[in-house]
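>>> next comes the sequence, and after it the predicted model I'd like to discuss.
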Amino acid sequence: MSLFNLLRIALKALQRNKLRAFLTMLGIIIGVGAVIAMVAIGQGSKQSIQSALSGMGSNMIIIRPNSNISAGARLDATTVQTLTLEDVKALQKEAPDLSAVTPMANAKGQAIYGNNNWPTTIQGVDPDYLSVIRQWALQDGIPFTDRDVQVQAKVCLLGQTVISNLFPNGESPIGKYIRFGNVPLLVIGTLTTKGESAFGQDQDDVIIAPFTTVQRRILAQANSTIFVQNIYASAVSENVTTAASDEISNILRTTHRLKPTDEDDFAVRTMQELINTFSSTSQLLTILLAVIAGISLLVGGIGIMNIMYVSVTERTREIGLRMSIGARGVDILLQFLTEAILISITGGLIGVVLGITSARLVTLFLNWPTLVTESSIVLSFLVCAITGVFFGYYPAQKASRLDPIEALRYE
């Protein structure tokens, strides 16, 4: 029997019971739609995290003090001071895979301008932090210079969140003096909008100032050995990020005089490590959601098998009649198998449309990032075809093995 005749007979059989055929497809429709929508949500989340982390500086490397053991007790990393300006100078001098290195000092406090105030964070860094490491452009004004760092200049750059709260009337903050705690700072520039980070923090809620200004004037650290809270660096390119990380570890172990058996008293983290960590978590969540949605496909396949068994029973006399006029068992098998595949594929097509539409609606109404990939559509469609063959084969085989005489006598 030709493929055209098989399709024609299958379509006629399904048209005789349109409602039943649609209800049979419903499990497949929901399953495919759910798989595509869930994978789209997972992939969208993964892409959003990667974009957010890359926006922080794809070549950026963060060095933090590590938890240490003192008198048998492991101290919290936030209370440990192991990084110094000497470490920064050593990295700048001895690490050829780094294009920029800057210390960082953070302080939380109240920013004040006139009658307006806002709780925020001030970050003390070197000029390379914005231009090289974070690649954070200015919206207006000028950046501070190495000279400003040397003389502990009372100048700063404002993030957009700070601007909107200290200057709510829309006036330009350039040339105005604000106070952070009791320290007056001249606003010489404003930063472009960065938005939320991958950790949910508002990157625009910040004041950037010279490192020495924050360290000496705000944190009041004037010791001969100046400890830094963090060190930020940038690799020459993404390809050498891992090599640069190893380079940093070797240099810091030397400057800290650590023995081969000693643990590192610092932690080196690259943006690629963070991206891989978040991506693996997101990928696991995507797989979990797809598996849960795939259960609907299994239920839909069982529904197809059930309805096809019912159809074989209802059409026993028809099968007997076809066999009596020359239809072979394989013709009967292909006829019912074609009906099962047609139900599955049609349901799959409707499910693809439903899944894509659902993903778009999630983005539109819930503002969640989604990404519909071609692979998820193709995979769902292939699963539909396999489901139709697998669950339709046994009822079709039962039909093909009926005895023509007994089938004609069936009431």
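Nice, I can see it. Numbers count the residues shown, from 1 in each chain.

>>> okay, CA-based contacts and neighbour counts for the rest of this
OK.

>>> find me the pLDDT at Arg147, would you?
Reading off the per-residue confidence, Arg147 sits at a pLDDT of 95.

>>> mind jotting down where the strands sit in this protein?
Using DSSP state E, the strands assigned to the chain run over residues 60-65, 69-70, 73-74, 98-113, 116-125, 138-141, 155-158, 177-180, 183-191, 206-210, 230-235, 266-270.

>>> right, so of the ones you listed, which gets closest to Thr387?
In this view, the strands of the chain are compared for proximity to Thr387 by C-alpha to C-alpha, and strand 266-270 is the closest at 44.3 Å.

>>> which strands and helices sit next to the closest one?
The criterion is 3 or more C-alpha pairs under 8 Å, 6 or more residues apart in numbering; DSSP states H and E, and the helices and strands that strand 266-270 contacts are strand 60-65, helix 241-255.

>>> CA atoms only: put the first one into CSV for me.
The C-alpha coordinates for strand 60-65 follow below in CSV (Å, rounded to 0.1, in the frame of the first residue of the first chain):
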residue,chain,number,x,y,z
MET,A,60,38.0,40.0,35.4
ILE,A,61,39.8,38.1,38.2
ILE,A,62,38.9,38.7,41.9
ILE,A,63,41.4,38.0,44.7
ARG,A,64,40.0,37.9,48.2
PRO,A,65,41.5,37.0,51.6
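
>>> pull the CA atoms of stretch 164-178 into PDB?
Extracted C-alpha coordinates of stretch 164-178, given in PDB (Å, rounded to 0.1, in the frame of the first residue of the first chain):
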ATOM      1  CA  SER A 164      18.500  59.600  41.300                       C
ATOM      2  CA  ASN A 165      18.300  59.700  45.100                       C
ATOM      3  CA  LEU A 166      20.600  62.600  45.900                       C
ATOM      4  CA  PHE A 167      19.600  64.700  42.900                       C
ATOM      5  CA  PRO A 168      15.900  63.800  42.400                       C
ATOM      6  CA  ASN A 169      15.100  67.000  40.500                       C
ATOM      7  CA  GLY A 170      17.300  66.000  37.600                       C
ATOM      8  CA  GLU A 171      20.000  68.500  38.100                       C
ATOM      9  CA  SER A 172      23.500  67.600  37.000                       C
ATOM     10  CA  PRO A 173      25.700  66.400  39.900                       C
ATOM     11  CA  ILE A 174      28.900  67.400  38.100                       C
ATOM     12  CA  GLY A 175      30.800  70.000  40.100                       C
ATOM     13  CA  LYS A 176      28.700  69.500  43.200                       C
ATOM     14  CA  TYR A 177      30.000  68.500  46.600                       C
ATOM     15  CA  ILE A 178      28.400  65.600  48.400                       C
END
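
>>> contact partners of that stretch?
Where contact means C-alpha atoms under 8 Å, 6 or more residues apart in numbering, the residues beyond stretch 164-178 that reach it are 111-113, 116-118, 140-141, 163, 184-190.

>>> whichever of these end up buried, select them in ChimeraX.
Entered in ChimeraX, the line below selects the buried ones among the contacts of stretch 164-178, by 16 or more other C-alpha atoms under 10 Å:
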select :111,112,113,117,118,163,184,185,186,187,188,189,190
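
>>> hmm, back to that, out of the strands of the chain, which gets nearest to Ile343?
Judged by C-alpha to C-alpha, the one of the strands of the chain that comes nearest to Ile343 is strand 266-270, at 50.5 Å.

>>> give the pairing partners of the closest one; include direction for each.
When pairing is defined by DSSP bridges, strand 266-270 lines up against strand 60-65 (antiparallel).

>>> circling back to that earlier point, which one, of the strands of the chain, ends up nearest to Leu85?
Comparing these under C-alpha to C-alpha, the one sitting nearest is strand 98-113, at 7.2 Å.

>>> elements contacting the closest one?
In terms of contacts (3+ C-alpha pairs under 8 Å, 6+ apart), strand 98-113 is packed against helix 85-94, strand 116-125, helix 128, helix 160-166, strand 177-180, helix 211-212, strand 230-235.

>>> follow-up on the earlier one: could you dump the helices and strands packed on strand 266-270 to a markdown table with mean pLDDT, distance to Asp97 and mean neighbour count?
Shown next, in a markdown table, are these (pLDDT from 0 to 100; distance: least, C-alpha to C-alpha, whole Å; neighbours: other C-alpha atoms under 10 Å):
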| stretch | mean pLDDT | distance to Asp97 | mean neighbour count |
| --- | --- | --- | --- |
| strand 60-65 | 90 | 12 | 22 |
| helix 241-255 | 92 | 5 | 18 |
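
>>> these: which one's closest to Gln135?
Ranking the helices and strands packed on strand 266-270 by distance to Gln135, with C-alpha to C-alpha as the measure, places strand 60-65 first at 9.9 Å.

>>> among the helices and strands packed on strand 266-270, which is nearest Leu98?
Shortest distance between Leu98 and the helices and strands packed on strand 266-270, using C-alpha to C-alpha, is found for helix 241-255: 6.4 Å.

>>> identify the residues contacting that closest one?
Judged by C-alpha under 8 Å, 6+ apart, the contacts made with helix 241-255 from elsewhere in the structure are 59, 61, 87, 90-91, 94-95, 97-98, 235, 264, 268-270.

>>> rebuild the strands of the chain as CSV, extending it with distance to Ile307.
Conversion of the strands of the chain to CSV gives the following (distance: least, C-alpha to C-alpha, whole Å):
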stretch, distance to Ile307
strand 60-65, 59
strand 69-70, 68
strand 73-74, 65
strand 98-113, 66
strand 116-125, 65
strand 138-141, 65
strand 155-158, 67
strand 177-180, 74
strand 183-191, 64
strand 206-210, 63
strand 230-235, 62
strand 266-270, 56
